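In: here is my input; please provide its structure:
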Amino acid sequence: MYGYLVSTYESASLRRFRNGRVDNIRSAHDAARTWASAMRTAESSPLNEVSNDSQKKVSFNLYGEQRKLELFDEAARKQTTIMEANILGRGIDNHLLGLREAARETLGELPPMFTDDTYKKMIEFKLSTSQVATTTEGTFMGYGAVVHDGYGCSYNPKKESIIFCISSFTSSSVTNTEAFRQSLEEALDSMKLMFQNRKTEG
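Out: As a prediction, this is how the structure comes out:
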């Protein structure tokens, strides 16, 4: 929708630990960016043409269907690795939060690392997302965006569908919940075609 990745919060359960709550799966990584760029390039390629005979869009682009699938698999593997590290207590966010608050208590001020613009950008979660499963038919759960110019996007996978609950602040001139919904729908449609291609070829 915006053409770039942002710091993203995706909760990872730490329930295996006593008093464990959640850490953050940082899903905005290079493999995800590479795959998303390939999908976006395929959709907006200037080499897309319309055949006069069938009136169907014929796509000629730098990323073939097989390559998009390979990039997706790479992104999924990276995501799984990050998720597994997090649920095993090897994430970075809780550890950094602990160090920051310990420094605040013992030093009375924050070390430069925690006042640096890079750190501030790292914890400015413009996209907050998590699975929020409900089994009661006709219901859904969600939460708000965590920054003024961000989005909240919970998801609830069902057998034949996925329920999304998208939120953003109406006071923000940057965000647009309806545009986000449309972008998400278009992305899911593109992914469906990608997976159908794997099924056909495989």
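In: the residue positioned nearest the centre of the chain and residue 66: what is the separation?
Out: Taking Cα atoms, centre = their mean, the centroid of the chain lies closest to residue 27, which sits 5.6 Å from it. Distance of residue 27 to residue 66, computed by Cβ to Cβ, to the nearest Å: 24 Å. In short, each C-beta sits where N, CA and C put it, glycine included.
In: what about the strands in this protein?
Out: All strands of the chain, identified by DSSP state E, fall at 8-13, 22-25, 49-50, 57-58, 127-131, 151-157, 162-167.
In: how about these, which one is nearest residue 117?
Out: With Cβ to Cβ as the criterion, residue 117 lies closest to strand 8-13 of the strands of the chain, at 18.5 Å.
In: give me the contacts around that closest one.
Out: With Cβ atoms under 8 Å, 6 or more residues apart in numbering as the test, strand 8-13 has contacts from 20, 22-28, 83, 86-87, 91, 125-130, 146.
In: same check, this time on stretch 171-179
Out: With Cβ under 8 Å, 6+ apart, stretch 171-179 has contacts from 1, 145, 148, 149, 150, 151, 166, 167, 168, 169.
In: mind checking which of those are in helices?
Out: With DSSP state H as the criterion, helices contain none of the contacts of stretch 171-179.
In: out of these, who's nearest residue 74?
Out: Of those, the one sitting nearest to residue 74 (Cβ to Cβ) turns out to be residue 1, at 22.4 Å.
In: can you find the helix or strand in this structure with the smallest mean pLDDT?
Out: Ranked by mean pLDDT, DSSP states H and E, the helix or strand of the chain with the weakest confidence is strand 49-50, at a mean of 42.
In: picking that back up, among the contacts of strand 8-13, which ones are buried?
Out: Listed as buried from these are 22-28, 83, 86-87, 91, 125-130; burial here means 16 or more other Cβ atoms under 10 Å.
In: which one of the strands of the chain is the most hemmed in?
Out: Among the strands of the chain, ranked by average contacts under mean count of other Cβ atoms under 10 Å, first place goes to strand 22-25 (a mean of 22).
In: okay, now the sheet partners of that one, with direction.
Out: strand 8-13 (antiparallel) (DSSP bridges).
In: just want the angle from the strand it pairs with to strand 151-157.
Out: On the basis of axes from the mean of the first three to the mean of the last three Cα atoms, to 10 degrees, strand 8-13 is oriented at 40 degrees to strand 151-157.
In: only alpha carbons, please: show strand 8-13 as PDB.
Out: The C-alpha coordinates for strand 8-13 follow below in PDB (Å, rounded to 0.1, in the frame of the first residue of the first chain):
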ATOM      1  CA  THR A   8       5.800  -4.600  12.700                       C
ATOM      2  CA  TYR A   9       4.600  -6.100  16.000                       C
ATOM      3  CA  GLU A  10       3.300  -9.700  15.700                       C
ATOM      4  CA  SER A  11       2.900 -11.300  19.100                       C
ATOM      5  CA  ALA A  12       4.600 -14.600  20.000                       C
ATOM      6  CA  SER A  13       3.400 -16.500  23.100                       C
END
